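*Asks:* This is a predicted model, with the sequence first.
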Amino acid sequence: MFSKNKPKTPDAGETPEVVPVSAEPVPEQPEQPAQKAEEQPPEAISAEPAKPSPEAVELAAFKDRYVHLMADFDNYRKRQNREREDLVKRANEDLLGDLLPVVDHLELALKKATDKNDPVMTGVKMVYDQFMALFERYDMKPIDAKGQPFDPAFHEALSQMSSATVPAHMVLDQFRRGWMLAGRLLRPSQVIVSSGAPDTEQAESENESVAD
């Protein structure tokens, strides 16, 4: 005889029921709402820029000092070149100034010559042309003051004469030509300055005093 409490054998294809050992219920965890990106605090969105490292700051300072140092050195080099050129010009200034009286006499001889085809005058003209070429090479330029306004910076007044044709304070005649050396005055021009037209009343009074 079979017992009534015999467990029932499951049929083929039927899943057996599994009974848990512990019957205590597992408490459900409350769902956490996901924090949206737009709800984040401003401090988290806009992060502060990273500060440069001490090495980068020091490198930038060295670069700035290098740029200033190169600019100062370039200005120093240019200033030295200008001073050297001025020194060479000043060194030749005394020699060129001593040659000017020789040129003055050559000009006077050419001006007083009556026969331009004279061989002697031809030789004088050749020497004069050589001097002019030498002066041009050293940037020497003559100052022709006749007919120009009197300028005490470039002219040396020897006397003053009245003239009916030349206005007052104008150079009436030039006794000796002046010269410029590299833009600087080497020798002023010796001139005669016009005092303007003669005063008629003064001339008449002078004539009457002479007649008396």
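*Replies:* Noted; the coordinates are in hand. Numbering: from 1, shown residues only.
*Asks:* For the rest of this, base every contact and every neighbour count on C-alpha atoms.
*Replies:* Noted.
*Asks:* Tell me the secondary structure at the residue nearest the centre of the chain.
*Replies:* Centroid check for the chain by C-alpha atoms, centre = their mean gives residue 75 as the closest residue, at 9.8 Å. At residue 75, secondary structure determined by DSSP: H, G, I helix; E, B strand; the rest coil is helix.
*Asks:* Make 45 the first number, not 1, from now on.
*Replies:* Yes, from this point I'll number from 45; that puts the last item at residue 119.
*Asks:* What separation is there between it and residue 128?
*Replies:* With distances taken as C-alpha to C-alpha, to the nearest Å, residue 119 is found 14 Å from residue 128.
*Asks:* Return the residues in contact with residue 187.
*Replies:* Going by C-alpha atoms under 8 Å, 6 or more residues apart in numbering, residue 187 touches 221, 222, 223, 224, 232, 233.
*Asks:* Neighbour-wise, which one of those residues leads?
*Replies:* The residue in the contacts of residue 187 with the most neighbours, by other C-alpha atoms under 10 Å, is residue 233 (26 neighbours).
*Asks:* partners of that residue in the sheet?
*Replies:* Applying DSSP bridges to residue 233 yields these beta-bridge partners: residue 199.
*Asks:* Correct me if wrong: it contacts residue 224.
*Replies:* No: in this structure residue 233 lies outside contact range of residue 224 using C-alpha atoms under 8 Å: 10.2 Å.
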